[in-house]
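Undergrad: got a predicted structure here, sequence first:
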Amino acid sequence: MERSSKPGKSLKKNPVFKNKKPKAPPKQKVARTIGVKRFRSRKHRNFGTYILKIIKNETGLGASKSAIYNLDSVVKNMIGCMGHEAAVLGKFINKKTITSSEVVSASKLCLGQKLSQKAVQYGMTKKNAYSELPKIKK
């Protein structure tokens, strides 16, 4: 038997309830905690802008989005590989800090001998050029 809002009338005949869907149960209120910071989602690290700048400076040409995406994934993989190898070498020597010698050894393991020598030489020249810049006093 159907309940009705008024005696003698059924819900089916009442136009107010004709096309109305049943209500969802009310959401439970979450108690707010005071003093807890909410962190934003981390942005994805992307080297695409830097890769494009280097390509334009060295060759004077541009690159498509798919080419930048592929080069970005290669750079991320190489950084991950070199970081992992340097960490393993640091643990092997029982040191908590990674020195330049571990990074050079990791680059030799990941890149190979000839490519590693060129990469280390290029990195050292850039490091020396950066260290020669005048210091900004605060």
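TA: Nice, I can see it.
Undergrad: C-alpha from now on. contacts and neighbour counts both.
TA: Will do.
Undergrad: now the helices: where do they sit in this protein?
TA: Defined through DSSP state H, the helices belonging to the chain, from first to last, are 48-59, 65-92, 100-111, 113-131.
Undergrad: how about the second one: buried residues?
TA: Going back to what we said before, that points to helix 65-92. Within helix 65-92, the residues that qualify as buried by neighbour count (16 or more other CA atoms under 10 Å) are 68, 71, 72, 75, 81, 82, 83, 85, 86, 87, 89, 90.
Undergrad: between those residues, which is nearest residue 116?
TA: Each of those was checked against residue 116 using CA to CA; the closest is residue 82, at 11.2 Å.
Undergrad: that closest one reaches residue 110, doesn't it?
TA: Yes: with contacts counted by CA atoms under 8 Å, residue 82 reaches residue 110, the gap being 6.4 Å.
Undergrad: show me the shaky parts of this structure.
TA: Of all residues in the chain, those with pLDDT under 70 make up the ranges 1-22, 28-39, 41-42, 138.
Undergrad: and residue 57, how far from residue 68?
TA: Separation of residue 57 from residue 68 (CA to CA, to the nearest Å) stands at 15 Å.
Undergrad: export stretch 125-136 as CSV, just CAs?
TA: Extracted in CSV, the C-alpha atoms of stretch 125-136 (Å, rounded to 0.1, in the frame of the first residue of the first chain):
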residue,chain,number,x,y,z
THR,A,125,83.6,23.6,-18.1
LYS,A,126,80.1,24.8,-17.2
LYS,A,127,80.8,24.4,-13.5
ASN,A,128,84.0,26.5,-13.9
ALA,A,129,82.2,29.2,-15.9
TYR,A,130,79.5,29.3,-13.2
SER,A,131,82.0,29.6,-10.3
GLU,A,132,83.8,32.5,-12.1
LEU,A,133,80.6,34.6,-12.1
PRO,A,134,80.7,37.5,-9.6
LYS,A,135,78.9,36.7,-6.3
ILE,A,136,75.8,38.7,-5.4
